[in-house]
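>>> Kindly generate the corresponding structure for this input.
(one chain, ligands or ions: 1)
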Amino acid sequence: MPSVTTTALPLATRLRRLRRTPAIRDLVRETRLSPSMFVYPLFVCEGEGVRKEVGAMPGVFNLSVDEVVKDADAVWREGIKGLLLFGLPAHKDADGSAAWDAQAPVQRAVAAIKRAVPELVVITDVCLCEYTSHGHCGVLDGERILNDETVEHLVRAAVSHAEAGADIVAPSDMMDGRIGAIRDALDTRGFTDTAILSYAAKYCSGFYGPFREAADSAPAFGDRRTHQMDPANVLEALREVALDLDEGADMVMVKPALPYLDVISRVKREFGYPTAAYHVSGEYSMIKAAARLGWLDEERTMMECLTSIARAGADIIITYYAREAARKI
Ligand code: PBG
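All right, here's what the predicted structure looks like:
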């Protein structure tokens, strides 16, 4: 990027010349959104013919596997290249064992999508919070989350997603050492082509509120501060990213997106790896709610937010707005 100082500009410069018409503005635009940079999250549940809207996320649904396949097909035809799958299992237990059940919704959905729309990139969220009876991301000893025991479970979940045919597994738990352990287990079992998208800089955020309704994953007590990052820290985010890349992550994620544009920008600049940003549930619901009240223009603010995330340096944007934005583009 060339640097710009006002003294380097000729006095006759009039920056408004290039803002005069829509076509000129199109020509000089620095950041362009494309449907091919979006990943669309889906919530898979048990049953058949289920399409249940999430209260706090208008336009987002819990879908049974047959319905997920319909959406996967539609998404692909809209030019979106990837899906991110979350599961709502029938049974939860203290260990979150449905996370590695080959017959659970996510595993069945992966296989069904790969059969119906083979080219669509299927990414699976790897975490225990949707699967544990207590809603925590790991195995508990009293109220403490045990790191290494949790990693063993995450490895089982990631391997079962790879066995089902996932292209990319995306650990979102924020335990230490899980990327290396998952890479190792995948390679040992011959899944050398299964990529890892690490939720590397995942902050402990209030913006996940609506998701916890969508995924039925609210913690029964306490919060996620002992594993997710403090919103005040950025150098620590760079350490998280460095470690995950060392351990074998192929791509890294910053999450949420808008409140952390500075983090996205530094991660992209300092590491240069494929960088994803997750425009999370609360960021989506905020716009939806304000638009419903007539306080914001939804289409305009949606495009402005997504453009800003791309401008900060994200190569991939995971967003519940993927389909609406793709149609608009
Ligand atoms: C699971 C997970 C969460 C999100 C993605 N994966 C919830 C959490 O950490 O509590 C949030 C996504 C969103 O808000 O859209 N660990």
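
>>> Show me the helices in the stretch 1-150 of the chain, by range?
Under the criterion DSSP state H, counting those that start in this stretch, the stretch 1-150 of the chain carries helices at the ranges 22-28, 65-77, 105-116, 147-164.

>>> Just the buried residues of the last one, please?
I take that to be helix 147-164. 147, 150-151, 153-164 (16 or more other CB atoms under 10 Å). (C-beta placed from N, C-alpha, C; glycine too.)

>>> Out of those residues, which comes closest to Tyr40?
The closest of those to Tyr40 turns out to be His161 (CB to CB; 17.4 Å).

>>> Return the residues of the stretch 201-329 of the chain in contact with the ligand.
Neighbours of the ligand within the stretch 201-329 of the chain, by CB under 6 Å from any ligand atom: 208, 211-212, 224, 280-281.

>>> 8 Å instead?
202, 205, 207-212, 214-215, 217, 219, 224, 228, 255-256, 278, 280-284, 320 (CB under 8 Å from any ligand atom).

>>> mind listing what the residue in the stretch 1-150 of the chain positioned nearest to the ligand touches?
Nearest residue of the stretch 1-150 of the chain to the ligand: Cys127, at 3.7 Å (CB to the nearest ligand atom). Applying CB atoms under 8 Å, 6 or more residues apart in numbering, we find Cys127 in contact with 99, 137, 154, 157, 171-173.

>>> Tell me which stretches of the stretch 151-300 of the chain form helices.
Taking DSSP H, counting those that start in this stretch, the helices of the stretch 151-300 of the chain run over residues 178-188, 209-214, 235-247, 261-271, 281-292, 298-312.

>>> Out of those, the one nearest Pro10 is which?
Nearest to Pro10, of the helices of the stretch 151-300 of the chain and by CB to CB, is helix 298-312 at 26.2 Å.

>>> Run through the neighbouring helices and strands of the closest one.
helix 261-271, strand 275-279, helix 281-292, strand 316-319, helix 322-328 (3 or more CB pairs under 8 Å, 6 or more residues apart in numbering; DSSP states H and E).

>>> mind putting those in TSV, mean neighbour count included?
What follows is the helices and strands packed on helix 298-312, written out as TSV (neighbours: other CB atoms under 10 Å):
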stretch	mean neighbour count
helix 261-271	19
strand 275-279	28
helix 281-292	19
strand 316-319	25
helix 322-328	19
